[in-house]
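K.L.:
below: sequence and its predicted model.
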Amino acid sequence: MRRLMMTMLIATAGFAGACDGDTAATGDTSQATDTIDAADADTSVGEDTSGSASCSVTSAGLECGACSTTTGQDGEAVACVGGQIVDGDGAPIAGLKVSACTLQTCIIGDTDDNGHYLINRVPVAPHKMEVLGQLKGYATMVFYQPTVSGVLTKPADDIVMVPLTDTPTAWAPADGGAVSLAGGMLDLVAEAGVLHYPLGTVDKSVVAAEMDADDLPPFDIAPWEGVEAETRVFIINPFPVSADTSIAMTVHGADGVAADAKYDVYTANELEGVLELVGTATANGSGDIVLDDDAELKTLTTIIIVPQG
């Protein structure tokens, strides 16, 4: 079982510089971000004066010096976040954009040749982390990463990206209706006129992939722990599609599901990266898991369906 608690790493100085801390500061917004080029951002960490953190790759993964610089340009407390992005076989993925966001600020970096990201001088606050995967054939994913002043924090495990193998399915806001996603494993139904796509999305279509609960990235809670085998997880792109009214959901393909078995349904908050309980679902006599009528599934990001009890 994957350990999903966040760990804090304080490494000694003197490592060879192996990962650039490319970052971009943003404007003060809660719904959208304006970025400046990474080359223009202040990325100094600790005693390194070259504009990058002092890092090396070891058998243990990313090892970097502690963030001894604890304040930013305006005297505010700052921290560092890092980690490694891999595919399902554990191979690193280079060139992915990774953003660390609070409600006010997003700072963006890139994964290096070893799949490592390192983002410096982030505000000391819980961060929604977002990995932009679609340009490289992976689902865009979100997870949660806390920060501590002057400390590099990283997930206990690598972040596993999920390939998008299906062709996107048209889902026009004006029409709504039903779509079948993730190879027929996930059915969604929306009313006409209630869907909203991310700003600038031209192609009004959705795509989804199912992933193993063992590969889930860290969140603020992990309700699937101990029931990973029975938990169902779907990643929906583009990120996020939302609706004014609840979206109906049916999950197919579960083995050994007893009729009337109950599930809790969680989604990842699109702004904060925390998990939110949006309602319950019930298995029918055919083994399908159907979202209950009083659930409020209005934002499609990461959907996690966890058996109760």
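P.N.:
Looks like it arrived, so ask away.

K.L.:
now stretch 244-253: mean pLDDT?
P.N.:
If you average the pLDDT over stretch 244-253, you get 97.

K.L.:
buried sites along it?
P.N.:
Using 16 or more other Cβ atoms under 10 Å as the burial criterion, the residues of stretch 244-253 that qualify are Ser246, Ile247, Ala248, Met249, Thr250, Val251, His252. All C-beta spots, glycine's among them, are computed from the backbone N, C-alpha and C.

K.L.:
need those residues in JSON lines (columns: secondary structure).
P.N.:
Converted to JSON lines, those look like this (DSSP: H, G, I helix; E, B strand; the rest coil):
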{"residue": "Ser246", "secondary structure": "coil"}
{"residue": "Ile247", "secondary structure": "coil"}
{"residue": "Ala248", "secondary structure": "strand"}
{"residue": "Met249", "secondary structure": "strand"}
{"residue": "Thr250", "secondary structure": "strand"}
{"residue": "Val251", "secondary structure": "strand"}
{"residue": "His252", "secondary structure": "coil"}
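
K.L.:
and the residues you listed as TSV, adding distance to Leu275?
P.N.:
Below are the buried residues of stretch 244-253 laid out as TSV (distance: Cβ to Cβ, whole Å):
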residue	distance to Leu275
Ser246	18
Ile247	17
Ala248	21
Met249	16
Thr250	21
Val251	18
His252	23
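
K.L.:
how close does Tyr117 get to Thr169?
P.N.:
31 Å (Cβ to Cβ, to the nearest Å).

K.L.:
any idea how far stretch 286-303 is from the chain center?
P.N.:
Averaged C-alpha coordinates place stretch 286-303 at 19 Å from its chain's average position (Cα atoms, centre = their mean, to the nearest Å).

K.L.:
endpoints of that stretch, how far apart?
P.N.:
With Cα to Cα, to the nearest Å as the measure, stretch 286-303 spans 21 Å from end to end.

K.L.:
how about stretch 174-185?
P.N.:
When the termini of stretch 174-185 are compared using Cα to Cα, they are 25 Å apart.

K.L.:
can you pull out the low-pLDDT segments for the stretch 51-200 of the chain?
P.N.:
The model of the stretch 51-200 of the chain has pLDDT under 70 over residues 51-71.

K.L.:
and the gap between the residue nearest the centre of the chain and Trp224?
P.N.:
Note on the chain: the residue nearest the mean C-alpha position is Val142, at 1.1 Å, using Cα atoms, centre = their mean. As judged by Cβ to Cβ, Val142 and Trp224 stand 16 Å apart.
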